[in-house]
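# Quick one: sequence and predicted model below, then my questions.
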Amino acid sequence: MQTLKLAIQKKGRLSEESIKLINECDISFPSSSGKLVTAAYDFPIEILFLRDDDIPDYVQDGVADIGIVGENVLVESGKQVEEVMKMGFGKCRLSLAVPRNMQYNGVQDLSGKSIATSYPRILKNYLDTQQVEADIHVISGSVEIAPSIGLADAICDIVSTGSTLLSNGLKEAEQIFRSEAVLIKNPRLSEEKNAILKSLLFRLEAVKRAQKNKYILLNAPNDNLDKIVALLPGISSPTVQSLAKEGWSSVHSVITEKDFWEIIQQLKEAGAEGILVMPIEKLIY
Ligand code: ATP
Ligand code: ZN
């Protein structure tokens, strides 16, 4: 029987969340403890622990069948793989930053300037669409110090809070690319491997959907039941059961995290009592 080889980042910002998500799919494996490959106990999958930059390459070549990697790394790599699913974590942005005291009125101001980056492909793409010609300086780390040591006029790098920029005397000028972790696959998987991937995706969808929703239980006065039910669309429609207490019902439903507090408040105002909200482990439509 074949196994599906999944590449994840060995050590870094994507490692913990990748492992957590796999575990939440009820797939468990021994902790990496320095090993490059480990087989899951209860699912036909092997986990490869790699540097994130190597993942698109390995998936393209078929050393790994699928992988979890940042879109920034994927697009920069230019590798021929398929993006299968957005993972909902590892969110960050790639930005242009300039010295704080520079008069900056728009990306045209970077014409003829030098820009240091570890993302030459994404930067070049962006500059081309903006019709700006600049000199791209490729450096692999500590990009943010380039302007202060006179290596470049500006930089293009990942920004999360902006505090690293600030402490290097820089300011964010343009956001050029938004990224999150994605699941990628080799386009030429065997039928058997595609079948394993399909069941993995089924579990991942259920876990991700569950994370976005909450189970809600409440008591509603029958007089206001219509109003309360209308606030709770649920997956199809809420469950309503009579309570032993005369004139009251128990209402169960699923609500999304997005407008969660707003709905709770409206439910309370509509007379709901004993509102109980619980996390959902898996959610399958
Ligand atoms: P490796 O040793 O595997 O090459 P790395 O140092 O290149 O690791 P990390 O810093 O762990 O990589 O970041 C991995 C990915 O996490 C990035 O490529 C990006 O997609 C994402 N990410 C999310 N938030 C941030 C952030 N604040 N800074 C940098 N990367 C981030
Ligand atoms: Zn890396």
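Cool, the structure landed. Numbering: from 1, shown residues only. Ligands and ions are numbered 1, 2, ... in the order given.
# pLDDT weak spots in this structure?
32, 234-235 (pLDDT under 70).
# Alongside ligand 1, which residues does it contribute?
Contact residues (Cβ under 6 Å from any ligand atom) of the chain with ligand 1: 9, 12-14, 51-53, 70, 72-73, 90, 92, 158, 160, 179. Quick note: C-beta positions are derived from backbone N, CA and C, even for glycine.
# And K5, how close does it get to I196?
10 Å (Cβ to Cβ, to the nearest Å).
# overlap in contacts of the two?
Residues touching both K5 and I196 (Cβ atoms under 8 Å, 6 or more residues apart in numbering) are I45.
# Wasn't Y215 part of a strand?
Yes. Counting by DSSP: H, G, I helix; E, B strand; the rest coil, Y215 is part of a strand.
# For it, which non-adjacent residue is closest in space?
Computed as Cβ to Cβ, 6 or more residues apart in numbering, the closest residue to Y215 that is not its neighbour in sequence is M278, at 4.5 Å.
# Next: G162.
Going by Cβ to Cβ, 6+ apart, G162 has E172 as its nearest residue, at 5.9 Å.
# Then L36?
F49 (5.9 Å).
# thinking again about what came up before, return the residues in contact with the residue nearest to G162.
E172 makes contact with S95, L96, A97, V159, G162, L165, according to Cβ under 8 Å, 6+ apart.
# count of neighbours near Y285?
7 (other Cβ atoms under 10 Å).
# Please report the distance of it from V254.
10 Å.
# One more: S142?
For S142 relative to V254 (Cβ to Cβ), the value is 47 Å.
# of all the residues of the chain next to ligand 1, which two lie farthest apart?
The largest separation in these, counting by Cβ to Cβ, is between R51 and S160 at 20.1 Å.
# Remind me which helix or strand the nearest residue in space to A40 that is not next to it in sequence belongs to.
Leaving out its chain neighbours, the residue that sits closest to A40 by Cβ to Cβ, 6+ apart is F29, at 4.4 Å. Per DSSP states H and E, F29 falls between elements, in no helix or strand.
# just use 20 as the starting number from now, easier for me
Yes, from this point I'll number from 20; that puts the last item at F48.
# Tell me if I'm right that F48 and V56 touch.
No. Under the criterion of Cβ atoms under 8 Å, F48 is not in contact with V56, lying 10.0 Å apart.
# what about the longest helix in this structure?
Looking across the chain with DSSP state H, the single longest helix is helix 210-230.
# could you pull out the helices for the stretch 120-269 of the chain?
139-148, 182-186, 210-230, 244-250 (DSSP state H, counting those that start in this stretch).
# Which residues outside the second one are in contact with it?
Translated: helix 182-186. Helix 182-186 has contacts (Cβ under 8 Å, 6+ apart) with A116, R119, E163, V178, K190, E191.
# go with 10 Å
114, 116-117, 119, 162-163, 174, 176-178, 189-192 (Cβ atoms under 10 Å, 6 or more residues apart in numbering).
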